[in-house]
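Visitor: Sequence and predicted model, in that order:
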Amino acid sequence: MSLFDLADTDGLASPALIAAFDGWVDAGASATNAARRIAEGGTVLATVDGDRVCDYRSRRPTLEIHDGRPATLAWPELTIRRVRVGARDVLVFSGAEPDFRWRELADEAVELALRLGVTEWISLGAIPAAVPHTRPVPVLGTASRPGLLRGDVTPGPEGTLRVPAAALSVIDMAVSRAGIPAVGYFAQVPHYVGGEYPAASVELLRILSLHLGDEILPGPLAEAAWQLRMRLDAATAMDEATREHVERLEAMVDEARRPSGGDLISEIERFHRDGGGGGAGGGGAGGGSQLS
C-alpha cells in the first residue's frame with residue numbers, strides 16, 4: 001500500500017520538484033516558509049499518509065476549542081502541491097518531517113518522481129550558523145554533480161562534515177542514485193535568533209528565482225524580514241555583550257571567511273541542545289523571533 005495518495009497528474013510537463021520539511025534542517029522555519037510561499041494557490045497533487053509516518057505523541061495535532069466545545073483538529077501534513085512558475089510546472093513537496101519509514105518514503109518518492117517526469121530535485125533547508133543578522137544571508141549548496149548550482153552558490157563547506165541526517169537528505173540521495181539531478185540550498189541562520197527568520201526565506205526565494213529562471217516574489221516575507229531586522233538592531237544596541245558578539249561575526253564575514261565543518265558542527269550541536277531539533281518548524285516556527 002503506497003504512502004502517497006495521488007490525485008490527477010494530467011498535463012505535467014517536465015516539472016521541477018522543490019522539497020522542504022520542518023525539523024532540524026529548517027532553522028527559523030526558513031525553508032518551509034519559503035516553500036509555503038511558492039506553493040500558494042497551488043493544487044494538491046499528492047498527500048502522504050500521516051497515520052503511517054507520524055508519531056502523534058511527539059507531533060500532536062492541534063485542537064481548537066470554541067466556547068468549551070471541541071471544534072477542529074489540525075493534523076500534521078506532508079503534501080505535494082502543483083504550481084506554475086513562469087512557463088513551467090513546479091511541484092512543492094513540503095510539510096511535517098516524517099517520524100517513521102524514511103527509506104520506504106524515499107523509495108516511493110523516487111518512483112513517483114520518475115513517473116511524473118521530474119527533471120530536477122531541489123532541496124531547501126536552513127541551519128544555525130555563526131553569522132550576523134546585519135549581513136546578507138549566506139547560502140551553502142549541495143549537488144549530485146558539479147555545475148548544477150545557480151545564483152553564485154557553491155558547494156560547501158570544504159572537507160568532511162558529519163551531522164545528524166534528515167529525512168530530506170535520505171530522499172535527496174535516493175533521487176540522485178536514480179539519476180535525477182539534485183541540488184540543495186541551505187540558508188545559514190544567525191545562531192542567536194530564536195523563532196522564525198524570514199530574511200533566510202527571502203534569500204532562498206531569490207536563489208530559487210535564479211535557479212528556475214523566473215522571479216518568485218517574497219510577498220509578506222519581505223516586510224516580516226524588515227520588521228525583524230529593526231527589532232534585532234534595537235535589541236542588539238541595548239546589550240553591550242550582544243553588540244560585541246555581532247561585531248565579531250561581522251568581522252568574520254567581512255574577511256570572507258567561510259565556515260568550517262567544525263564551526264557548523266558546534267552550532268548544530270548547540271541548536272539541538274537548546275531544543276531546536278523538534279518538529280513544527282525546527283526552533284520556533286510558531287513564535288515571534290527574538291535574541292536567544
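Guide: Sure, I can see it.

Visitor: Tell me who's in contact with Pro98.
Guide: 21, 48, 53-54, 78, 105, 167 (Cβ atoms under 8 Å, 6 or more residues apart in numbering). Any C-beta I mention is one placed from the backbone N, CA and C, and that applies to glycine too.

Visitor: Do I have it right that Gly195 meets Gly28?
Guide: Yes - with contact defined as Cβ atoms under 8 Å, Gly195 counts as touching Gly28 (7.0 Å).

Visitor: Of those two, which one has the most company?
Guide: Comparing Gly195 with Gly28 by other Cβ atoms under 10 Å, the one with more neighbours is Gly28, at 30 against 19.

Visitor: Not counting residues beside it along the chain, what's closest to the more buried one?
Guide: In space, Gly28 comes closest to Tyr197 once its chain neighbours are excluded; the distance is 3.0 Å by Cβ to Cβ, 6 or more residues apart in numbering.

Visitor: still on that earlier bit, so which of the contacts of Pro98 are in helices?
Guide: Of the contacts of Pro98, the ones assigned to helices by DSSP state H are 53, 105, 167.

Visitor: By neighbour count, sort out the buried ones in the residues you listed.
Guide: Neighbour counting with 16 or more other Cβ atoms under 10 Å marks 53, 105, 167 as buried within the ones in helices among the contacts of Pro98.

Visitor: hang on, the last one packs against Trp102?
Guide: Same thing as Ala167. Yes - Ala167 is within contact range of Trp102, at 4.9 Å (criterion: Cβ under 8 Å).

Visitor: For the stretch 1-150 of the chain, which segments count as strands?
Guide: 4-6, 16-21, 43-48, 62-66, 69-74, 78-85, 88-95, 120-129, 139-143 (DSSP state E, counting those that start in this stretch).

Visitor: who does the third one pair up with?
Guide: To tie it back to what came earlier, the one meant is strand 43-48. The strands beside strand 43-48 in its sheet (DSSP bridges) come out as strand 4-6 (antiparallel), strand 78-85 (antiparallel).

Visitor: hey, which of these is tucked in deepest?
Guide: Among those, ranked by average contacts under mean count of other Cβ atoms under 10 Å, first place goes to strand 78-85 (a mean of 20).

Visitor: beta partners of Phe186?
Guide: Gly125, Leu140.

Visitor: How about residues contacting the longest helix along the chain?
Guide: For the chain, the helix that runs over the most residues, judged by DSSP H, is helix 220-238. Helix 220-238 is contacted by residues 33-34, 37, 133-134, 193, 196-199, 201-202, 205, 218, 242-243, 246, 289-291 when judged by Cβ under 8 Å, 6+ apart.

Visitor: Now, of those residues, which are buried?
Guide: Neighbour-count burial (16+ other Cβ under 10 Å) is assigned, among the contacts of helix 220-238, to 33-34, 37, 133, 193, 196-199, 201-202, 205, 218, 246, 289, 291.

Visitor: which one of the ones in helices among the contacts of Pro98 sits closest to Thr9?
Guide: Set against Thr9, the nearest of the ones in helices among the contacts of Pro98 by Cβ to Cβ is Leu105 (18.6 Å).
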